[in-house]
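# Sequence and predicted model, in that order:
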Amino acid sequence: QVQLVESGGGLVQTGGSLRLSCAASGRTFSSYAMGWFRQAPGKEREFVAAMSRSGGSTYYADSVKGRFTISRDNAKNTVYLQMNSLKPEDTAVYYCAAGPVFVASDYTRAQKYIYWGQGTQVTVSS
């Protein structure tokens, strides 16, 4: 069992930055791939970024490439999402997720993640 708690969301102006954190409980954190997803009002949940168990592989949605960076610290059981050059369309609730993902094409699929946090709101004002 893994519990995930996100933090770091808030209100920021266009072009600003935020860093989200996701703290995981349990001693199996390093066994799981970690992902970030987001859901805007009236829209479906969408993939943002993911990282393999070791941190050696990363994956990004095209909409955030070059602006967002995912990282993890297995010693601290924490995954991060550094978000730069934020745009109003980045406004959403951001969720971190953990799962036994091993195939490259699966990292973007929400159904492959078995543990989810409660989400943190990110609002980008224009």
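Looks like it arrived, so ask away.
# residue contacts, the residue most central in space within the chain?
Central residue of the chain (CA atoms, centre = their mean): residue 36, 2.0 Å from the mean position. By CB atoms under 8 Å, 6 or more residues apart in numbering, the contact set of residue 36 is 20, 22, 48, 49, 50, 70, 79, 81, 94, 95, 96, 97. Backbone N, C-alpha and C define where each C-beta goes, glycine included.
# give me phi/psi at it?
Here is the backbone geometry of residue 36 (degrees, to the nearest 10): phi -120, psi 130.
# same question, residue 54
phi -80, psi -20.
# What sits closest to residue 120 if chain neighbours are left out?
Of all residues not flanking residue 120 in the chain, residue 9 sits nearest, at 3.4 Å (CB to CB, 6 or more residues apart in numbering).
# one step back: mind listing the residues bridging to the residue nearest to the centre of the chain?
On the basis of DSSP bridges, residue 36 is bridged to residue 49, residue 96.
# Could you check how far it is from residue 27?
22 Å (CB to CB, to the nearest Å).
# got the contact list for the residue lying farthest from the centre of the chain?
Here the chain reaches farthest from its C-alpha mean at residue 126, the gap being 22.8 Å by CA atoms, centre = their mean. By CB under 8 Å, 6+ apart, the contact list for residue 126 reads 14, 88.
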